[in-house]
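In: need coordinates for the following:
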Amino acid sequence: MGITKDYLRFEHSGSCGCVASQNGAVVALTNVSCAVTACEAVHVYNLRTADKIGEVCDSTKPATCLKLSSDKKWLAIGYSDGAIRLYDRESENPPVVFMGHRKAVNCLEFSTDGLTLASGGKDCTIILWDIVAERGLYRLNGHKDSVTQLQFVRNDQILISSSKDSFVKFWSCASQSCFYTIAENQSEIYSFALLRDESILVVATAEVELIVFELNWIKPEQGEDDAENKEPDTKKALTEKSEGIQELGSMANNFVRVNTRGKLLRQGKGRALQLVLSPDGKLLLCLGSDRAADFYRVFSEEETKSRITKKLKKAKKRAASEGDSSLVVTEDEIRKDVTILLSRIGDLSFEGMPSKTKFKCVDFSHDNAKAVNSMQEYKMFALTSTNSVLWIKTQFDPADNKISSQMLANMNKFGHRHDVRGLSVSNSNNAIVSCAGDELIVWSTHSLRPIANLSDEEVQEIVSVMFTVGDEYIITGSKDGSIGVWKLATTEMLESRTEHEGAIWALVELPDKSGFISASADKKVIFWTYQMVTEGTRKRMSVKKTKILELPDEALGCSITPNGKFLIVSLLNNTASVYFLDTLKFFVSLYGHSLPVTCVSSSPDSKLCVTGSADKSVKIWGLDFGDCHKSFHAHDDVVTAVMFMHESEEDVLFWSAGKDGKIKQWDAKKFRLVQTLDRHSAEIRAIVQTSNSNLLFSASHDKSLRCWQLTEEIIVLEEEEEMQREEDYERKLGAEEDAVPGESTEAEAGLATIKTSNALQAAENIIEAVDIVRNERVKNLDPNNKEEPHILIKTFNSKSLDHFILDTLMRARPSELERALLLVPFSHVHDILLSLSACAKQHYKVEFASRTALFLIKIHVMQLVATPESATVVEQLRKEMMQGIEDVREKVAFNFAALKLLQLDIEESSGNVFFSDLSAIDKKKANKKKQRKAIVKTIV
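Out: Residues are numbered from 1 along each chain as shown. Sure thing, here's the model as predicted:
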C-alpha cells in the first residue's frame, strides 16, 4: 500500500534567549567561568568576557540540577524525567546515563573520593550510583516527600539527607539503613549546611528562622579501622533487653548525638531556598524566596571562646552597675546562645541591583578567599529569577563584621528579563525581533545570536511587535495603549503615539504594505498609515491614524485575509467578528467557542480562517458563510496562537500553540493532526514563520526562543500514531514495580534502577542468546552437522557458547543489567548459571560472572530451593566461582608484589622516590622563582 499523503517533518534546529532556568542551578567551574542549567541544556559562561564558551545538550527534557565533583573531573546533570547524565570533563566520551528516579531529580552529591554519586528526587527516594562500574548500588526509601539536599560525611561512610517531609535523616552507607532522624522541624526543609568540621548543622526551612543543631560524633573504642566499618545494628538492639525507647535508640545510633542549639532569624519573609558555605568556611549565605539574601559569619572555636568571654564580662559589668545579683549570668547560660557560633552580618546587595531581582541559586568560586587590605574577598556566581547570571565580588572585614558586594559582570545581553510576548520575522527572513517588558532584541535567524538590543525608559510593557517594509523600522504595541516607532540602525525609539486606552494585543500589516492595524483591549481597531516626516536635515518614518473600528468587546487578536477582503477580530465575548476591510461593515460572527477567542488566522487562499480559544479547542471556519468546518480539542490548556502556513499547491496546513507547551500542525482539509513539537517546558506565548515557511520560531514562558526547520523527512501518520502508542507504553512501563522475591516492597533499601525500554530490550537479547545456545547445542549433537555457528556468535567473536551468553550479558548497559535480569524467566536461568560457571572455570571475566550469578540466585532463591535439579547447578557454581575468584586474587597479589619489588629496585638505582609530594616541590620552585625576581629588581 503506497503513501497517500506526504507531510514533511519539522525538527528542532536551535534555541536562544534562555540564559539560565529560573528553577535551575549554577556551579562554579573556575574563577571566571560557571555552568548553569538552561531548559534542557547546560550552558558554560565566561563572565570575564561575558560570552558563552560551551554547551551540553544530550536530552530533550529540562535539566533540573547539576553538580561538580571535588576534583572537577565529573559533571553530573539531573533531568525532569528522572535521568542522570554523568560527563567526564577530561575526555570526549559519551555520558554515562543512570535511570533510577521516576520523577525529576532534585539534588546530586559526589563522595569525597569522586567514586560514588548520590541523587535525590521528587519521588521521595535516594539512589547511590557506582561511577566506576557505571551501575546503581542501591535505593534508600524513607522520606515521604521530595528530597531537597544530600551530603556525605565522616569519610563518605554516612549520608545526610533533607526532605520536604520536614525530616533530616542520617544514613549508614555500609548497612544501607537510616540510623537517626531529626524530627523537630514542623515545616518543609529546603537546604542544610555543615559547619566547623561537620560539628554544626544549620537547617533552612519554610519558616523565617534557621535551626541550628550541634553534632557530637561518637568515637568508638575499637579504633579508626573498626570505626569506619562499624554500622548500626538495629536487629541486635531489638533482640536485647532494653529499659525504654531512649535506650533502644541509643543502641541503634552509635554514630552521632544531635542537640538543638537554637534558631537564627532571617531578614526574608518567605521560605529559605539554599544555604551556601564559602570555601574557607567563614561565611554562610542564605537565599530566600523573596529578594532578601542573608550573610552569616561562622565563628571558629577560638572566636567562640573569645565571644563567650566578652559576653560574660558584659553581663557581669551590667549586673554590677545595676546592683542586682539576680542578673548575674553564668558561662553555661551564655554557651546556650546560638550567636556565639554564627550571627547575621548583612545581606547580599549591590549598587545597580534591579528592584525585582531574586537570587535563585548561588555558588562560590572554588579558590579560597583572598586577603585584600585586611578584607576577605570572595567571588560568586548567582542565578537570578530574571533570566540572568551575575558575577559578584564580596568583601568581608572580620574586624568590624562589615560586608559589601559589587557586581562585576552579567549575561543580560543574551536574553530577556521578562516573558516574550510577541515575535516578528523580517521581510528578508534574516532577522527576528522579540519583545518582552521594556526591551526588544533582534536575533539572527542563521546564528540565533543577538544582533541589537533596543530599549527606552518611557516604554512600559511591550506585548506586540512588527517589522515594517524594508526592515528599517519596528512598530511596537504596549500594554498601556501606546504605539512605538523604532529605528533599527540607531536602536532608538523615534516616536510614541497613545491612541488606545488598553493593551494592544495585535499588530497586523495591511496587504498593500501601506500601513497596519492595531487591535486593543479598549474595544477598538485603529488603522495606521506610514508617512515620511522631516526632522532637521534628516527624514524618518512616522505613523498616522486614519480610521477607527468600534468593536462589541475587547479585541484579543486579529487577522486580514491575503486578498484584502475581510478583517477578522477575535473577541473576549467568545466569538470572532468578520468585517469587510474596505467599508468596515459587519459581515458575520463566528460563534461556537465556550470561552474567549484568544487568536485567529486566515488561510493563504482567503477561504478559511482558524480560531483558538481558552476552551482548549481550535475551530476551522469557512469565510463564505461563516460555517464551522471542524472543531478539534487541540491542547490540554489555553490555545495561545494559531497560524496558517504559507500557500502550497495541495496542502492547507496551520499551526496551533498552547499553554501546555506544545506546538501542533494540522491539516485543514483532511482534518487530522500531522505532527507535534514539544521541546518547550512551559506555556508558549507566540509563534511566527518565515515567508517560505521553512523556519518556524516560538517563544515560551521558559524564556527560550526556539527555531524549527523544515526537513526532507516524510511523515507517515500511521507510524506516528504507532510511535505515540509506544511512548505511552514506555511511560506505563516505568511506573510498574518489579517484585523481588524475599524482599518487602516497603524496605528501606532496594534496587537502584527502574524498568525502562532499554532494560526490556536487554532482557530480550539475553533470552534470545539463551535460545541460540540451546539450538546450537542441539545441532552439535549431530556428528554430520556442517552448519556454521549463528551469525551473532561470530559478530561477538565468542570463543564458545558459554562465552557468548556472558558477552551478551556484558553488552547490556551496566546501570540497567539488574532490571534486565529481573525480566528473564526462570526457565532460562539454569542455562545462564551453567554458562557463568563454565566461564569462571576458564577464568573468563570472573568478577562480572560472579556478580551476575549472585544476583540471579538472590532473585530466584525460592524457585531454586524448590527445584531439586537446581542443587547440582548451584553447588557446581559455588565451587567454580570460589576457585576462580581465588585464582584472580592470587594473580593480583602476585602482580602487586612484583610491582613493589620493581619500585624498590628503581628507587635504589635512581635515588628518586616514587609518588613524592609534587605540591611541595612546586612550592619550592615557586619560591625560588620569586627570590630570583626579587634579586633582579634589587639590582636594577
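
In: how far does stretch 367-386 sit from its chain's centre?
Out: 25 Å (C-alpha atoms, centre = their mean, to the nearest Å).

In: show me where the stretch 1-150 of the chain has strands.
Out: With strands called from DSSP state E, counting those that start in this stretch, the stretch 1-150 of the chain shows them at 7-16, 26-28, 33-38, 41-46, 51-56, 63-68, 74-79, 83-88, 96-99, 105-110, 116-121, 125-130, 135-141, 147-153.

In: looking at those strands, which is nearest to A409?
Out: Minimum separation from A409 across the strands of the stretch 1-150 of the chain (C-beta to C-beta) falls at strand 41-46, 9.3 Å. To be clear about C-beta, it is placed using only N, CA and C from the backbone, and glycine gets the same treatment.

In: switch the strands of the stretch 1-150 of the chain over to CSV; also include mean neighbour count, mean pLDDT and distance to D771.
Out: Putting those into CSV (neighbours: other C-beta atoms under 10 Å; pLDDT from 0 to 100; distance: least, C-beta to C-beta, whole Å) gives the following:
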stretch, mean neighbour count, mean pLDDT, distance to D771
strand 7-16, 18, 93, 38
strand 26-28, 23, 96, 48
strand 33-38, 25, 95, 45
strand 41-46, 22, 95, 43
strand 51-56, 13, 93, 41
strand 63-68, 23, 95, 41
strand 74-79, 24, 96, 36
strand 83-88, 20, 94, 32
strand 96-99, 23, 92, 27
strand 105-110, 24, 96, 38
strand 116-121, 25, 96, 37
strand 125-130, 24, 95, 31
strand 135-141, 20, 91, 26
strand 147-153, 22, 96, 42
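
In: okay if I get these as CSV plus distance to K523?
Out: Converted to CSV, the strands of the stretch 1-150 of the chain look like this (distance: least, C-beta to C-beta, whole Å):
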stretch, distance to K523
strand 7-16, 37
strand 26-28, 46
strand 33-38, 40
strand 41-46, 43
strand 51-56, 45
strand 63-68, 44
strand 74-79, 46
strand 83-88, 50
strand 96-99, 54
strand 105-110, 48
strand 116-121, 50
strand 125-130, 55
strand 135-141, 59
strand 147-153, 49
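
In: what count of nearby residues applies to P789?
Out: P789 has 14 neighbouring residues, counting by other C-beta atoms under 10 Å.

In: tell me which element the residue lying closest to K393 once chain neighbours are set aside falls in.
Out: With C-beta to C-beta, 6 or more residues apart in numbering as the criterion, K393 has its nearest non-adjacent residue at 4.9 Å, and that residue is Q406. Following DSSP states H and E, the helix or strand that holds Q406 is strand 402-410.

In: only C-alpha atoms, please: export stretch 581-588 in CSV.
Out: Extracted C-alpha coordinates of stretch 581-588, given in CSV (Å, rounded to 0.1, in the frame of the first residue of the first chain):
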residue,chain,number,x,y,z
LEU,A,581,-11.9,45.6,5.2
ASP,A,582,-12.8,48.5,2.8
THR,A,583,-16.1,49.6,4.3
LEU,A,584,-15.6,48.2,7.8
LYS,A,585,-19.2,46.8,7.7
PHE,A,586,-20.0,43.8,9.7
PHE,A,587,-20.3,40.5,7.7
VAL,A,588,-20.7,37.6,10.0
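
In: chain center to that stretch, what's the gap?
Out: The answer for stretch 581-588 is 51 Å, by C-alpha atoms, centre = their mean.

In: mean confidence score for it?
Out: Per-residue pLDDT over stretch 581-588 has a mean of 94.

In: same check on stretch 260-271?
Out: Average pLDDT, stretch 260-271: 88.

In: can you list the buried residues in it?
Out: 261-262, 264, 266, 268, 271 (16 or more other C-beta atoms under 10 Å).

In: same question, stretch 750-764
Out: Buried residues in stretch 750-764, counted by 16+ other C-beta under 10 Å: 750-756, 758-760, 762-763.

In: could I get those in CSV, plus columns for pLDDT and secondary structure?
Out: CSV is the format used below for these (pLDDT from 0 to 100; DSSP: H, G, I helix; E, B strand; the rest coil):
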residue, pLDDT, secondary structure
G750, 78, strand
L751, 79, coil
A752, 78, coil
T753, 75, coil
I754, 77, coil
K755, 76, coil
T756, 78, coil
N758, 82, helix
A759, 84, helix
L760, 84, helix
A762, 88, helix
A763, 89, helix
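
In: re earlier: any idea of the mean pLDDT in the strand holding Q406?
Out: pLDDT averaged over strand 402-410 gives 91.

In: so what does the helix ranked longest in the chain touch, helix or strand wise?
Out: Ordering each helix of the chain by length in residues (DSSP state H) puts helix 870-910 first. With contacts defined as 3 or more C-beta pairs under 8 Å, 6 or more residues apart in numbering; DSSP states H and E, helix 870-910 has these neighbours: helix 829-841, helix 846-859, helix 861-866.

In: tell me how far the shortest one lies from the chain's centre.
Out: What that stands for is helix 861-866. The answer for helix 861-866 is 44 Å, by C-alpha atoms, centre = their mean.
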